[in-house]
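*Asks:* fold the following and give me the result.
(4 chains, ligands or ions: 4)
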Amino acid sequence: MADVTFLEALRQGLWEEMERDDRVFILGEDVGLYGGAFKVTDGFSKRFGEARVIDTPISEAAIVGAAAGAAHMGLRPVAEMQFIDFISCAYDMLTNYVATARYRAGLSTPMVVRGPCGGYVRGGPFHSQNPEAAFLHTPGLKIVYPATARDAKGLIKSSIRDEDPVLYLEHKWLYRRIKEQLPEGEEILTPIGQARIAREGKHLSIISYGATLWKSLEAAEQLEKADGVSVEVLDLRTLLPMDDAAIVATVKKTNKVLIVHEDTRTGGIAGEIAARINEQAFEWLDGPIMRVTAHDVPLPYAPTLEDFVLPQTEDIVKAARWLAAY
Amino acid sequence: MADVTFLEALRQGLWEEMERDDRVFILGEDVGLYGGAFKVTDGFSKRFGEARVIDTPISEAAIVGAAAGAAHMGLRPVAEMQFIDFISCAYDMLTNYVATARYRAGLSTPMVVRGPCGGYVRGGPFHSQNPEAAFLHTPGLKIVYPATARDAKGLIKSSIRDEDPVLYLEHKWLYRRIKEQLPEGEEILTPIGQARIAREGKHLSIISYGATLWKSLEAAEQLEKADGVSVEVLDLRTLLPMDDAAIVATVKKTNKVLIVHEDTRTGGIAGEIAARINEQAFEWLDGPIMRVTAHDVPLPYAPTLEDFVLPQTEDIVKAARWLAAY
Amino acid sequence: MALPATRPTAAFPSGAAGAAGAALSSDQLLEIYYYLRLTRTLEERLVALYRQTKVIGGLFRSLGQEGESVASAYALERGRHKDVLSPLIRNLGSLLVMGAQPVEILRQYMAKADSPTRGRELNVHFNDLEKGYLGQISHLGDMIPVMAGIALSFKLRGEPRVGLVYIGDGGMSTGTFHEGLNLAAVQQLPLVVIGEYNHWAYSTPPERQFAVKDLAEKTKGYGVPSVTVDGNDVFAVYEATRFAAERARGGKGVHFIEVKTYRRKGHAEHDDQHYVPKTDLERWANANDPIDRYRQRLLAADMVAEGDLKDIDDRVRVEVDQATDACVDEPLPPAESALPGVYLDPPAADKLWFKVL
Amino acid sequence: MALPATRPTAAFPSGAAGAAGAALSSDQLLEIYYYLRLTRTLEERLVALYRQTKVIGGLFRSLGQEGESVASAYALERGRHKDVLSPLIRNLGSLLVMGAQPVEILRQYMAKADSPTRGRELNVHFNDLEKGYLGQISHLGDMIPVMAGIALSFKLRGEPRVGLVYIGDGGMSTGTFHEGLNLAAVQQLPLVVIGEYNHWAYSTPPERQFAVKDLAEKTKGYGVPSVTVDGNDVFAVYEATRFAAERARGGKGVHFIEVKTYRRKGHAEHDDQHYVPKTDLERWANANDPIDRYRQRLLAADMVAEGDLKDIDDRVRVEVDQATDACVDEPLPPAESALPGVYLDPPAADKLWFKVL
Ligand SMILES: Cc1ncc(C[n+]2csc(CCOP(=O)(O)OP(=O)(O)O)c2C)c(N)n1
Ligand SMILES: Cc1ncc(C[n+]2csc(CCOP(=O)(O)OP(=O)(O)O)c2C)c(N)n1
Ligand SMILES: [Mg+2]
Ligand SMILES: [Mg+2]
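*Replies:* Ligands and ions are numbered 1, 2, ... in the order given. Here you go, the predicted structure:
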């Protein structure tokens, strides 16, 4: 067992798949010789050669489109967005061409688009985005968003092996903050589509993912100690397709739900989760489904502003306390 | 009073604003000499000249970006997407550059992006889209979606006069199907941000917009006749910012809500509406908030498939009947 | 015998051209004629079906552009796992050359249950990667990066295969065209790009689409050699494509071919093209129809016998009749067949709750 | 006295160049020196503040590129409602020439409450359209269409104004660059585009970014004349920009100027640029520093007195000290100032429910 960071776990997962399957290759900006802006592919070019770790021009639409073409022919591309914010430049290609390919034309397009997302790092409005909501609305695409080192590894491996396109979101605030013991040798494969109970609880459920999963766990800890409130925390891990069974199960267990995400509120994915709970477990609700999210503004740069706009542990504590008392 | 179609009303609104304010100009593909793929700008080039009705290359990102630059300098551009499906090519420009401009940099960007959206017309997956959900998640942007000829005119005029960027969605199925008496001479200005009660009712509320607003009204009529169920129908008209007051008011009045939209289900805007109702009127709910939407697939071309995938009047009737009996 | 391409460039010595042209056997010349005739006759049939409202949605014509479509596709290596092309709405001929069947086209336009996309997508938006064609999506330009990716797979696997993609004089204005062509050029991918200068992008003429005279000027800045050929000269297009494809196959990278042609019908059948000068239409129809020209060339040079061409005309008519009879009364797809196949897993989208009340 | 631009083209006769160069008075020559020195000294101060962790987020350097930034901006008509430019992260010099104040830059980097964006955006991402600069967003290429729109407003209103936009050797690969430049070319807009060939796009060298030698080759296919100049020769850049700007002002449309220069620091301060050949860095630093060269030229030709330059160096140091002292201890913006100004109406975003429990 070795202590590995989120970033190292992701790196290992990529590396193992490159070793296992020579159809897997990487393309993106500065991923080769430089090893990626965050060093996720550091050393890959040397090990696997420039043909399998391709430095591209600054062309996100072409990166995603070329990955799709190669995937149609049986290869397994992993495309990196230097920051996930730039996936917006490939929005048409990913939603219209890639995601619909199997349905409209029977094309298989096994590919992964991955990149660093998320805030709490003073990145300003264009290096901190959480794009999941804009892609949740895309039948044919899968979206995974690991919160732990184990799932960072397990989900990148499962994504590469999946027969359909996967958007893999990696929170840069977790890259080096999260450390975990991972068994060497063991093959870690986190199934796509399955949420995980990150903490058992009785009185209230928090549904979250990514960086706010950790803030939710912190909040749960405090509530247990300070208020004796037992909070269950569900880590969605996969956002599309959503694990309704796990969501409904925790709601039926605690009867109160707080959905926590870092993304802005309006149009964020908490809405979809709330609608599903409403449809599938309305009678089990002892209180309104509440949301703790970012405020509806582009994410500002100054620490004072970013800290106010993004959900913090104490916000979750206050909200959960309110809901528990409801 | 003259009988005008939805399309003619939109045309009148554009025309009047061009006459009123010489800062207003139009740009897009085939909007000039040809008058637009659906003839919305027919005759504009002749009346206002080629300088104010600009035929552009096939470049959606440049159309939206150039509109923004001109808007910063005090002009009032109206950019046409030949089909709204192609706004996906300007997704980055509209969400990252345009929508954030005021907040991040104090820039005023009064511009309108408009285009034909929606299905029920055998257009297949790329000429039938409803893009509202992908943009709902965009602070700084406004989204309007008229359902009546009067609002088609009133909202295009208000959108052009608004100081912020507006995405104006016009359903092509309504273009020539909807006719309405509009007073000549009177200035029609539909306020942005205000929903409209399209039909009063007591037992249940349907919240909708666009083409499905008409199918909801049909359903309400049938339910009244066949079941004596009195259905209130709310026409959102503006999707962003959302009219919470109107939504909460109808929920508190009928205590049951059916949200109907043509867009696919997962990640569609019904989720956001459900979450807001939950937060603001949970105690008034006598049943779960239910959704009638398209199925989660790219919209297929064949009539049999399209009719099955998209919500139909009888689907709404069945769903409302179920909810009324809940 | 074969005309040299107009305005040859260093990248396209007319010598090579002549050679390639000479290489066509009379069977091949007749086969090309067959595809030209089949394209036009099939489209005429589609017009008839459109008027009978049997075609769902719009109908796009390639009248006057059959030559460049057929000739460019014919210059590729065809057969299972050979070259791959991606056609646009006006490249029906290319699709037929690659092995798509008339009945498949008819079924697509009529959205039949047994159409290649099972009624999910329109007209020529379908594929058979084994035969070597990949259907476009509507969003213009997107196929350039995608075909670059297909060419990339050939390069990574060291396969002697080539990709070919068409782009219109309008489509070249899209950002995806730029990104895809540049990526392909930098990676030296085996890709042939055919730019169709057919004088219109819907109602937009070239001078409102770009500020140079020829499309061929646009690709030099990508390090992509280009040539402009008479798009209605079957031999010239064949030779230019052949040269570009073999060059790409030889590892020399991307090549661009501009074909000068003319869109003789409206953007789609609904478009009366009032904005198109009648005189232009007449000139291109009377003096410059690609099939007439090809036919005359074959006969003038005694390359084939008139009877052979007549036989082909008859054969094509029969084939199109049979294809039509075979599918015109077929059913549309069953409603619930709309649900499967969004993903491999899960196998089908949920049927929504209100459908089962 | 002024060097002619390297490789002049028809669009840029060196005659015009010489003339423009000669037109600079010694006050103007000193003013240019002032901006060059101010840019470098201010950046050195930012590095110091960065090391003291007073800069929030990353720091981007323009070391070695001050010449092209200052000279190109200096060639514009400046003052209220004159020309408008859009700078990139390495065009700090352009921003200062257009009238941005050192204290504004310092406040931006330190995200102070009184910074132009009130702490909402980073570094040079801010604007003053009256003074004539529009801040970029991070997404490369997007500013090309936007500046085309600004130039369009000049054309529609018949104002004798010009837009200028910078793009990197990497940024030119984006689809938005292509769409924006093409639209500007077709519309003959008064726009000058400056392509910065600084040898790197993050870690990516030109040969992986495009398949031609010079950026100037890329724009010919748009019908946009181009010239390549020595980007570290202040006179050459000034003259080329002046020529292009007056040409655009005269209604002749878009002009592209490639400036050959070198990024002498990493992509940002965190980047140790291990991938950059040390010898290149030394060569460009020792033999080709734009400020040294400019200084030597001024002195060699007796255009200014050494003392004047020394005075400017001192004055700049004082100004930068004063600007730093004025803002370094200023507060960050108050938390709730994050809410207003998403729209004009409604005036502020809602404060979320859990903040008021
Ligand atoms: C990105 C995008 N924008 C707009 C359209 C709408 N559209 C469909 S065909 C067409 C004209 C295409 O012209 P061209 O590329 O020259 O092809 P041609 O019709 O001449 O064969 C347009 C504007 C589209 N399909 N895709
Ligand atoms: C669309 C987009 N993709 C990726 C990035 C990430 N990125 C920021 S700067 C940069 C390199 C830019 O190189 P270049 O355009 O040559 O400018 P330079 O840094 O040399 O001044 C990259 C890839 C971005 N900002 N925008
Ligand atoms: Mg065309
Ligand atoms: Mg560079």
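*Asks:* tell me how many other residues surround A:Ile197.
*Replies:* When neighbours are counted by other Cβ atoms under 10 Å in any protein chain shown, A:Ile197 registers 15. The C-beta positions use only the backbone N, C-alpha and C, and glycine is treated the same way.
*Asks:* oh, that last question was meant for C:Leu332, not what I typed.
*Replies:* Neighbours of C:Leu332 using other Cβ under 10 Å come to 19.
*Asks:* count of residues packed around the residue lying closest to it once chain neighbours are set aside?
*Replies:* Of all residues beyond its chain neighbours, the one nearest C:Leu332 is B:Thr304 (4.4 Å), with distances taken as Cβ to Cβ, 6 or more residues apart in numbering or on different chains. Residues lying near B:Thr304 (other Cβ under 10 Å) number 19.
*Asks:* distance check, B:Thr304 against C:Ala111.
*Replies:* 8 Å (Cβ to Cβ, to the nearest Å).
*Asks:* and what of A:Pro300?
*Replies:* Distance, A:Pro300 to C:Ala111, using Cβ to Cβ: 50 Å.
*Asks:* so A:Leu167, which of the three states?
*Replies:* With DSSP: H, G, I helix; E, B strand; the rest coil as the basis, A:Leu167 sits in strand.
*Asks:* no, scratch that, I was asking about A:Val292
*Replies:* Following three-state DSSP, we place A:Val292 in the strand state.
*Asks:* check A:Pro77 too.
*Replies:* Using three-state DSSP, the structure places A:Pro77 in strand.
*Asks:* what's near enough to touch the residue lying closest to it once chain neighbours are set aside?
*Replies:* Spatially, and ignoring its direct neighbours in sequence, A:Pro77 is nearest to A:Ala67 (3.8 Å; Cβ to Cβ, 6+ apart). Shown in contact with A:Ala67 (Cβ atoms under 8 Å, 6 or more residues apart in numbering or on different chains): A:Leu27, A:Pro77, A:Val78, A:Ala79, A:Met111, A:Val113, C:Gly149.
*Asks:* what's the pLDDT at A:Ala67?
*Replies:* On the pLDDT scale, A:Ala67 is placed at 99.
*Asks:* give me the phi and psi angles of it.
*Replies:* Main-chain dihedrals, A:Ala67, degrees, to the nearest 10: phi -60, psi -40.
*Asks:* and if you look at A:Cys117?
*Replies:* Given degrees, to the nearest 10, the pair of backbone angles that A:Cys117 has is phi -130, psi 170.
*Asks:* neighbours around the nearest residue to it once chain neighbours are set aside, how many?
*Replies:* Spatially, and ignoring its direct neighbours in sequence, A:Cys117 is nearest to A:Ile84 (4.0 Å; Cβ to Cβ, 6+ apart). By other Cβ under 10 Å, the residues close to A:Ile84 number 26.
*Asks:* A:Ile84 contacts A:Phe126, correct?
*Replies:* No: A:Ile84 is beyond contact range of A:Phe126, at 10.7 Å (criterion: Cβ atoms under 8 Å).
*Asks:* find residues that contact each of those two.
*Replies:* Common neighbours of A:Ile84 and A:Phe126 (Cβ under 8 Å, 6+ apart) do not exist.
*Asks:* tell me what angle the lengthiest helix in chain A forms with strand A:290-294.
*Replies:* The longest helix of chain A (DSSP state H) is helix A:211-227. Note on geometry: by axes from the mean of the first three to the mean of the last three Cα atoms, to 10 degrees, helix A:211-227 and strand A:290-294 are set 130 degrees apart in direction.
*Asks:* what is the rounded mean pLDDT of the helix or strand just after helix A:211-227?
*Replies:* Per DSSP states H and E, the first helix or strand lying C-terminal to helix A:211-227 is strand A:231-235. Throughout strand A:231-235, pLDDT has a mean value of 98.
*Asks:* list the buried residues in the longest helix seen in chain C.
*Replies:* The single longest helix within chain C, with elements called by DSSP H, is helix C:26-51. Under the neighbour-count criterion of 16 or more other Cβ atoms under 10 Å in any protein chain shown, helix C:26-51 has C:29-43, C:45-47, C:49-50 buried.
*Asks:* which residues touch the closest residue to chain D within chain A?
*Replies:* Going by Cβ to the nearest Cβ, chain D is nearest to A:Ala302 of chain A, at 3.1 Å. Contact analysis of A:Ala302 by Cβ under 8 Å, 6+ apart lists D:Ile56, D:Ala111, D:Lys112, D:Ala113, D:Gly119, D:Arg120, D:Leu332, D:Pro333.
*Asks:* between the residues you listed, which is nearest A:Val40?
*Replies:* Nearest to A:Val40 among the contacts of A:Ala302, counting by Cβ to Cβ, is D:Ile56 at 24.3 Å.
*Asks:* burial of that closest one, as a residue count?
*Replies:* Counted with other Cβ under 10 Å, D:Ile56 comes out at 23.
*Asks:* does the residue in the stretch 51-200 of chain C that chain B sits nearest to count as helix, strand or coil?
*Replies:* Going by Cβ to the nearest Cβ, chain B is nearest to C:Gly119 of the stretch 51-200 of chain C, at 3.1 Å. Assigned by three-state DSSP, the conformation of C:Gly119 is coil.
*Asks:* wait, it touches C:Phe126, no?
*Replies:* No: applying Cβ under 8 Å as the test, C:Gly119 and C:Phe126 come out as separate, 10.9 Å apart.
*Asks:* these two: which is more packed in?
*Replies:* In terms of neighbours (other Cβ under 10 Å), C:Gly119 is the more surrounded of C:Gly119 and C:Phe126; the figures are 29 against 25.
*Asks:* mind listing what the more buried one touches?
*Replies:* So C:Gly119 contacts B:Pro300, B:Tyr301, B:Ala302, B:Thr304, B:Leu305, C:Ala111, C:Lys112, C:Ala113, C:Leu332, C:Pro333, C:Ser337 (Cβ under 8 Å, 6+ apart).
*Asks:* find the closest residue to ligand 3 in chain A.
*Replies:* At 20.4 Å from ligand 3, A:Asp92 is the closest residue in chain A, using Cβ to the ion.
*Asks:* correct me, but that residue touches B:Ser88?
*Replies:* Yes: A:Asp92 is within contact range of B:Ser88, at 3.9 Å (criterion: Cβ under 8 Å).
*Asks:* give the intersection of the neighbour lists for those two.
*Replies:* C:His139.
*Asks:* between the contacts of A:Ala302, which sits nearest A:Arg265?
*Replies:* D:Arg120 (18.5 Å).
*Asks:* element containing the residue nearest to that closest one when sequence neighbours are not counted, please.
*Replies:* Distances taken as Cβ to Cβ, 6+ apart place A:Pro300 nearest to D:Arg120, at 4.2 Å, with adjacent residues excluded. A:Pro300 belongs to no helix or strand when elements are defined using DSSP H and E.
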